[in-house]
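Peer 1: Structure, please.
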Amino acid sequence: NISPTVDITIGDEVFADCPNLSNVRIGRTVTSLGNGTFNGCKALKKINIMAGSKLEDIGDMAFYNTALEVLDLEYTPNLKHLGAWVLARTKLKEFSLPNHVKSLDEGTLFYNSNLVTLELPKTLSYLPDYMLAGCENLKGSHFMTQNMGYVGDFAIYNHSQHKAITVPLKTYYIGSYAMAGMTSLQEITSE
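Peer 2: Sure thing, here's the model as predicted:
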């Protein structure tokens, strides 16, 4: 038994490749999930994070290549960082990144072909490399927030749903192949 007052760190690859793990509940005292914690858990569809969570960091590839359909980060006021490829190749249909998350690493939502709806904080100033590459069903241009200064390499590669994009005034860098493969794109507006 672990006292509910003790902060808990879950290490690297603790539950990686558990083929029957389908539902996870993360308690209030968990402060971090290590690299690859649930990587390859092909049956994992839902993560429940308890209200008042102390979760601060989710490591690289923590949910990579899972069947994750739902991840609500609303109850994670201390969460500051999402690691590289953390939600890559999942089954998320919608995702909302809370304002309190300040740091994203490359490939955050890489090749989420089921992703249709995405909400990013208006304060987000960068899209890391490969952030949304291959999310070809993502509708709207919500990823280009008004404060977007940096759009990394392959950041929104291979999107086929966008007919128009507005590049915000604050954008100073658009990386290599950042918008390549946007087969429906008809109009680009630069503020």
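
Peer 1: Low-confidence bits of the chain, can you list those?
Peer 2: 1-4, 140-142 (pLDDT under 70).

Peer 1: Now with 50, please.
Peer 2: Along the chain, the model assigns pLDDT under 50 to residues 1-2.

Peer 1: how about the closest residue to T183 other than its chain neighbours, phi and psi?
Peer 2: Closest residue to T183 apart from its sequence neighbours, by Cβ to Cβ, 6 or more residues apart in numbering: S160 at 4.8 Å. In this view, the C-beta of every residue, glycine as well, is placed from N, C-alpha and C. Per-residue torsions, S160: phi -110, psi 0 (degrees, to the nearest 10).

Peer 1: So S160 is in contact with A180, correct?
Peer 2: No: S160 is not in contact with A180 according to Cβ atoms under 8 Å; the separation is 11.9 Å.

Peer 1: Now do the contacts for the residue nearest to T183.
Peer 2: The contact partners of S160, by Cβ atoms under 8 Å, 6 or more residues apart in numbering, come to 136-137, 181-184.

Peer 1: Same question for V151.
Peer 2: Taking Cβ under 8 Å, 6+ apart as the test, what V151 contacts is 126-127, 144, 171, 173-175, 178-179.

Peer 1: run the last query once more with 10 Å
Peer 2: 126-129, 131-132, 143-144, 167-168, 171-175, 178-179 (Cβ atoms under 10 Å, 6 or more residues apart in numbering).

Peer 1: Likewise for G27?
Peer 2: By Cβ under 10 Å, 6+ apart, G27 lies in contact with 2, 4, 8, 48-50, 52-55.

Peer 1: just to revisit the earlier point, and the buried ones among the contacts of V151, selectable in PyMOL?
Peer 2: Buried subset of these, written as a PyMOL selection, criterion 16 or more other Cβ atoms under 10 Å:
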select buried, resi 126+127+128+129+131+132+143+144+167+168+171+174+175+178+179
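
Peer 1: Thanks a lot, see you next time.
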